[in-house]
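Next one to model:
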Amino acid sequence: MALAIMSSGGDAPGMNPAIKKFVDYTHKKGEESYLIYDGLEGLIDNKIKKASHKIVAGIIHNGGTIIRSSRSKRFFEHEYRQKAFDNLKAHNITGLVVLGGDGSFRAMEKFSSEFDLNFVGIPSTIDNDIYGTEYCLGVDTALNVIRDALDKIRDTATSFNRAFLVEVMGRDCGYLAIVSSMISGAEVCVIPEVPFNPKSLEKRLKKEVKEGRNYILAIVAEGTKKTSEVHSWLQDSFGLETRVSILGHIQRGGNPTVYDRMMAFDFTIIAVDHLLTHTDSSKVVVYQKGDFKLLDIKEVVSNKYMMPQHYLDAINYLD
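Residues are numbered from 1 along each chain as shown. Here you go, the predicted structure:
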């Protein structure tokens, strides 16, 4: 039996610790293992190399993924999925670990429904938008990157009569925005899950500005596409010069935190153990209420992640 690991879609801190644990753990179990480079594109193009301890030595502290990643339009055509499967067979690979997010799992659900593929997915996305799991690899590191930026922005915000608007990533999920707002004490949080109603905030904030507040910190999730609207509202409604900071892809980089490294180890061990004991499985490892579980891939891709209600209740304009 040979196992392989690949990254797919956007990179996330924690992928490298997962890759190292995969190689070390499969060797410990006496199994042959492979690394698939460049994600789905690499799977199609047979960029498959035998794994070794030398390749993964010293990578735990690195962000990103040493085996690189990709998104692939070709993979949605059957002939290329056939080619990808033939490449796996040529290397006698019977089990595949995929580090990825929602799009990657949808691709693998299609792949595993057509071919005899034993697959386990590890949720790896800073968006934290995978159904069935409370946590995805990379989230803690991304939040710490955002927290560091917000702390520095607040330092300068308190020195001027200004409003600062920070746009964070997360695609169509407001998880990064809402958690960042809570831990930074932001006055405004705009997320895709809740319609933005500035009138509910204006009365309170105008009263605070009149009483001496000299700055406002607003956090906007990129998926709302409301950065420009919120910027104009802040500047026009409160008479405060408003600066915009778009954090962008720095949120996907950086050394994985201790928590992300430990979660990567646990996710990977469970994935490998399952592949070694099951031969007809298409699963995703999830984290729920302190425990790791395995969900069927169909359940994961056919449902939508929902933000916990107590997080939604915490944002200011729901008060």
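
any idea where the helices of the chain begin and end?
Taking DSSP state H, the helices of the chain run over residues 15-28, 39-44, 53-56, 78-90, 102-114, 139-157, 175-184, 199-210, 227-238, 258-277, 297-301, 309-312.

Determine which stretch of those is the most buried.
For the helices of the chain, the largest average neighbour count (mean count of other CB atoms under 10 Å) is found in helix 39-44, namely a mean of 25. (C-beta placed from N, C-alpha, C; glycine too.)

contacting residues for the spatially closest residue to Ser72 that is not a sequence neighbour?
Nearest residue to Ser72, sequence neighbours excluded (CB to CB, 6 or more residues apart in numbering): Leu40, at 3.7 Å. Residues near Leu40 by CB atoms under 8 Å, 6 or more residues apart in numbering: Met6, Ser8, Ser70, Arg71, Ser72, Arg74, Phe75, Ala84, Ser104, Ala107.

try 6 Å this time
Applying CB atoms under 6 Å, 6 or more residues apart in numbering, we find Leu40 in contact with Ser8, Ser72, Phe75.

export those to CSV and tack on distance to Arg154?
Output for the contacts of Leu40, formatted as CSV (distance: CB to CB, whole Å):
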residue, distance to Arg154
Ser8, 36
Ser72, 41
Phe75, 43
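
and the closest residue to Asn16 other than its chain neighbours, how many neighbours?
Using CB to CB, 6+ apart and skipping residues adjacent in sequence, the residue nearest Asn16 is Ile59, 4.5 Å away. Ile59 has 17 neighbours, counted by other CB atoms under 10 Å.

Can you tell me how far Ile59 is from Pro256?
To Pro256, Ile59 is 10 Å away according to CB to CB, to the nearest Å.

List phi and psi for the residue nearest in space to the middle of the chain.
For the chain, the residue sitting closest to the mean C-alpha position, by CA atoms, centre = their mean, is Thr125 at 1.6 Å. The phi/psi pair for Thr125 (degrees, to the nearest 10) reads phi -160, psi 130.

pLDDT value on it, please?
What the model reports for Thr125 is a pLDDT of 98.

ditto for Gly174
At Gly174, pLDDT is 97.

Can you tell me the closest non-neighbouring residue to it?
Ile191 (2.7 Å).

neighbours around Ile191, how many?
27.

typo on my end, Gly101
24.

Hmm, it is touching Asp11, no?
No - using CB atoms under 6 Å, Gly101 makes no contact with Asp11, being 10.4 Å away.

pLDDT weak spots in the protein?
For the chain, applying pLDDT under 70 flags the ranges 316-319.

Tell me how it divides into domains.
Here the domain parsing of the chain from automatic domain parsing is 2-138+256-301, 139-252.

From Val244, how far out is Pro308?
Pro308 is 28 Å from Val244, by CB to CB.

Oops, could you answer that again for Phe85 instead?
Counting by CB to CB, the gap from Phe85 to Val244 is 47 Å.

Can you tell me the closest non-neighbouring residue to Tyr34?
In space, Tyr34 is closest to Ala4, 4.0 Å off (CB to CB, 6+ apart).

Good, wrapping up.
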